[in-house]
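Peer 1: Got a predicted structure plus its sequence, pasted below:
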Amino acid sequence: MIFLQVSPVVDEASPSSTSSFEILDMESVLAPYQEVQPHWFFCRQADDNTFWLPFSREDSDKLENSCNTVAVDGQRYDVHVKERKCYPVYWEQAPTEVRRCTWFYKGDKDTRFMPYPEDFSKSLEEAYMISVTLNEWKRKLDFPTGETVILHNPKLIMQYQPIGLQDEWISSPSEQTRPRTVKRGVDNISVEITDGIQHFLDHYMSVLCVFVLNDFRSASLSLLASHYKRAQQDGLVGRVEFLPVNWRSALHGDATGVDKDIQRITLPSISRLRHFTNDTLLDLFFYNSPTYCQTIVDTVASEVNRLHDLFKQRHPEFNGAVSVVGHSLGSLILFDLLTNQRTGSETREGLSSWEPCCLKCDTLEQALSKLGLQQYLDTLQAENLDLESLALCHDSDLKDLGIPLGPRKKILNYIRRKKLLEHSQFHRAQSVTSAVDYEYFDVGIGQVSIDYPQLAFHPQMFFAFGSPIGMFLTVRGLKHIDPSYTFPTCKSFYNIYHPYDPVAYRIEPMIVSDVDLEPMLIPHHKGRKRMHLELKDSFTRMSMDLKNNVLGSIRTAWQSFARLPAVALPPVIEGETTTETDLEETRGRKSTFAETSVSAEQTQQPEIKVGMLNGGRRIDYVLQEKPIESFNEYLFAIQSHLCYWESEDTALLLLKEIYDKLGVAFEQPQQ
């Protein structure tokens, strides 16, 4: 509780208390006191700055009428009302403070109003009630902490800092006496307060990037309001939910101790660049280690399934689709996971029939018996194959022996899982690191030879941001992706990248290597291209036109000169005819070039099927660089790898593809 002293402010020009009371009694009517309407706020800290943001009106009303735990912000957080603490539901994070706010202040250099603590606000409200009831203003409130608040009138209330009290934002002694503006009630301050969930999106990021994900979520909500306003009003679309998946905690910190070891050998120079390489490249090395690769995919799959189950528990009415997004290495993990998913009865069979005891066979006969393939024992023994030599066989070898596709798959799956069992047992006995093995099945996709867990749902779409998938597949020895290949449980795949991203690689050239396709340019969220790109295209077309016109004129002049007689000039009539002919040829060339230019411009993005990874649609999508980025691509290379979470163009592309599945097109807002 805060104790304060209330006293009137003496003003020589003011009338006496008696005369003032008489004037008010004769000429005015006292306005009745109305209790202030509270609104609940939550605290957010970013870059050593503290921000207080309002809950939605619906959440604030629920908090006001409850004294227990309340789910807020799309049920991503639980607020313990008695503790005044907000806890995240889907990820690990320290709880943040919440307040029941009624009074606010803003300093001279503040950009937004900040709420007072609840005890402080209660004291202000009591003094305000007395002033309104008695109609006595210019009251002075002295707080034990040294602050002074003066209620000049209902519309003008100021807080003054004492001379000896320094605030963090005070940069000079002259600023000590600058007052704060004090406002009563959330309706008197400038703050935006927002008023079913149809699509749920998993997103692969560390918990350290939760605030970045919040920005991406806010951008999507803003674009939803501007580009899908009518559809939202008609109830055709709901908002998209974004949830972070934390898998890096299983590798970093105290989990492995590698971070400390790397820090000891890291050079002190160019610290930001080295931090980026340590943070990015170290995970790539982890993923190529058979010891950690299994840990990574197990952590990702279990965390995704946990989030999916938890979301369904908190939203039992949800019947929308689920999509996944992977950034950097996360996209490669997703690619390998989705490549190794099983469907329907295959999943149930795979989960039940491959226990470790089923893999422990000493002879070829025992192995075939457990697989139910005893009829092929004679065929394999005729080639002098035993269990050890069978493990060296590939799909083509078994096919040459006349074994059908189904039994071949069972044998190859048995061999792969037996190797995994032996591999894990070996590494439990000895702490060593060896090279990763890769299996190449008849689908034509190289994949890490580990045991891939199954997801609890079938993703509708897979978005890869700044992805090294193309590079990893090439390093694995895969030069070509079969155009007929598609993920078993996901039918849409988008490879989205910034043109200066040093980690990003393309996918389409690995599918259609005989066609030189430019990536699909992601439109600006306000429409068309960025201005500097339009100017660049215009100058390119102008230079091409000028070049062709100059070359055409030189060619025409040379041909005319070559047709001149060696001894005498031609007659005037013939010369005129030749000139007219040359002009006609020049016009014809110009017309042909113009038609060619228009035709080329119309077919700049040819309609061509680029395999079935995205259902025959384009896969590679490139963002438009900003004007300042085009001045020096090296300077913005690292930043471009992290730009996707701040990009409204990226958010709009996701919304467009998601809502296109529902048959809802976006509306381009008028400029």
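Peer 2: Yep, that arrived. Numbers count the residues shown, from 1 in each chain.

Peer 1: quick one: which helix or strand includes the closest residue to Ala391 other than its chain neighbours?
Peer 2: Among residues not flanking Ala391 along the chain, Ile415 sits closest, at 5.2 Å (Cβ to Cβ, 6 or more residues apart in numbering). C-beta: built from backbone N, CA, C; applies to glycine. In this assignment (DSSP states H and E), Ile415 forms part of helix 405-429.

Peer 1: what pLDDT, on average, does that helix get?
Peer 2: Mean pLDDT, helix 405-429: 69.

Peer 1: ditto for stretch 653-671
Peer 2: Stretch 653-671 shows a mean pLDDT of 84.

Peer 1: Can I get that stretch in CSV, CA atoms only?
Peer 2: Presented in CSV, the C-alpha positions along stretch 653-671 are these (Å, rounded to 0.1, in the frame of the first residue of the first chain):
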residue,chain,number,x,y,z
LEU,A,653,2.6,-15.4,-49.8
LEU,A,654,1.9,-17.8,-47.0
LEU,A,655,-1.6,-16.4,-46.5
LYS,A,656,-2.3,-16.5,-50.3
GLU,A,657,-1.3,-20.1,-50.6
ILE,A,658,-3.2,-21.1,-47.5
TYR,A,659,-6.4,-19.4,-48.4
ASP,A,660,-6.2,-20.4,-52.1
LYS,A,661,-6.8,-23.9,-50.9
LEU,A,662,-10.1,-22.6,-49.5
GLY,A,663,-11.0,-20.9,-52.8
VAL,A,664,-10.6,-17.4,-51.3
ALA,A,665,-8.6,-14.8,-53.3
PHE,A,666,-7.0,-11.8,-51.7
GLU,A,667,-8.1,-8.2,-52.5
GLN,A,668,-5.4,-5.8,-53.5
PRO,A,669,-6.0,-2.7,-51.3
GLN,A,670,-6.4,0.6,-53.1
GLN,A,671,-3.3,2.9,-52.9
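
Peer 1: For that stretch, buried residues please.
Peer 2: 653-659, 664, 666 (16 or more other Cβ atoms under 10 Å).

Peer 1: Tell me who's in contact with Glu648.
Peer 2: Going by Cβ atoms under 8 Å, 6 or more residues apart in numbering, Glu648 touches 219, 222-223, 525.

Peer 1: Would you check that Ile658 makes contact with Met461?
Peer 2: Yes. Between Ile658 and Met461 there is a contact under Cβ atoms under 8 Å: 7.2 Å.

Peer 1: which neighbours do the two share?
Peer 2: Common contact partners of Ile658 and Met461 (Cβ under 8 Å, 6+ apart): 321, 323.

Peer 1: quick revisit: now, which of the contacts of Glu648 sits nearest Tyr452?
Peer 2: Ala219 (32.9 Å; Cβ to Cβ).

Peer 1: Quick check: which element contains the nearest residue to that closest one once chain neighbours are set aside?
Peer 2: Leaving out its chain neighbours, the residue that sits closest to Ala219 by Cβ to Cβ, 6+ apart is Ala651, at 4.5 Å. Following DSSP H and E, one finds Ala651 within helix 648-660.

Peer 1: any idea how far Glu388 is from Leu380?
Peer 2: Per Cβ to Cβ, to the nearest Å, Leu380 is found 12 Å from Glu388.

Peer 1: between those two, which one's more packed in?
Peer 2: Leu380 (23 against 8; other Cβ atoms under 10 Å).

Peer 1: That one in helix, strand or coil?
Peer 2: helix (DSSP: H, G, I helix; E, B strand; the rest coil).

Peer 1: Sheet partners, orientation included, of the longest strand seen in the chain?
Peer 2: Scanning the chain for the strand with the most residues, using DSSP state E, yields strand 39-46. According to DSSP bridges, strand 39-46 forms sheet pairs with strand 49-54 (antiparallel), strand 96-101 (antiparallel).

Peer 1: Quickly, which of those bottoms out on average pLDDT?
Peer 2: strand 49-54 - the lowest mean pLDDT of the strands paired with strand 39-46, at a mean of 88.

Peer 1: Return the list of helices and strands in contact with the helix or strand following that strand.
Peer 2: Later in the chain than strand 49-54, the nearest helix or strand by DSSP H and E is helix 57-64. Packing partners of helix 57-64 (3 or more Cβ pairs under 8 Å, 6 or more residues apart in numbering; DSSP states H and E): strand 39-46, strand 69-72, strand 96-101.

Peer 1: Contact partners for Phe113?
Peer 2: 104-106, 183, 189-191.

Peer 1: before we move on, the earlier item: so for Asp620, which of the helices and strands packed on helix 57-64 sits nearest?
Peer 2: Once the helices and strands packed on helix 57-64 are compared by Cβ to Cβ, strand 39-46 is nearest, at 33.2 Å.

Peer 1: what's in contact with that closest one?
Peer 2: By Cβ under 8 Å, 6+ apart, the residues outside strand 39-46 that reach it are 50-55, 57, 59-60, 63-64, 79, 86, 96-102, 115, 186, 193, 211.

Peer 1: buried set for that strand?
Peer 2: Result for strand 39-46 [16+ other Cβ under 10 Å]: buried residues 39-42.

Peer 1: quick one: it to helix 57-64, angle?
Peer 2: 110 degrees (axes from the mean of the first three to the mean of the last three Cα atoms, to 10 degrees).

Peer 1: average pLDDT for strand 39-46?
Peer 2: 89.

Peer 1: distance between that strand and the chain's centre?
Peer 2: Strand 39-46 sits 23 Å away from the centroid of its parent chain (Cα atoms, centre = their mean, to the nearest Å).

Peer 1: same deal with stretch 221-231?
Peer 2: On Cα atoms, centre = their mean, the centre of stretch 221-231 falls 18 Å from that of its chain.

Peer 1: Which positions within it qualify as buried?
Peer 2: Result for stretch 221-231 [16+ other Cβ under 10 Å]: buried residues 223-224, 226-228, 231.

Peer 1: Return the subset of those residues lying in helices.
Peer 2: By the criterion of DSSP state H, membership of the buried residues of stretch 221-231 in helices covers 223-224, 226-227, 231.

Peer 1: Please render these as TSV that adds distance to Leu281 to the earlier fields.
Peer 2: Below are these laid out as TSV (distance: Cβ to Cβ, whole Å):
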residue	distance to Leu281
Leu223	33
Leu224	36
Ser226	39
His227	38
Ala231	43
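
Peer 1: if we take the residues you listed, which one ends up nearest to Val258?
Peer 2: Leu223 (39.6 Å).

Peer 1: Please name the nearest non-neighbouring residue to that closest one.
Peer 2: Leu223 sits nearest to Leu652 (Cβ to Cβ, 6+ apart), 5.1 Å away.

Peer 1: Ser66 too?
Peer 2: Val81 (5.7 Å).

Peer 1: Surely Lys106 and Ile157 touch.
Peer 2: No. Judged on Cβ under 8 Å, Lys106 makes no contact with Ile157 at a distance of 11.8 Å.

Peer 1: Since that was my last question, I'll sign off now.
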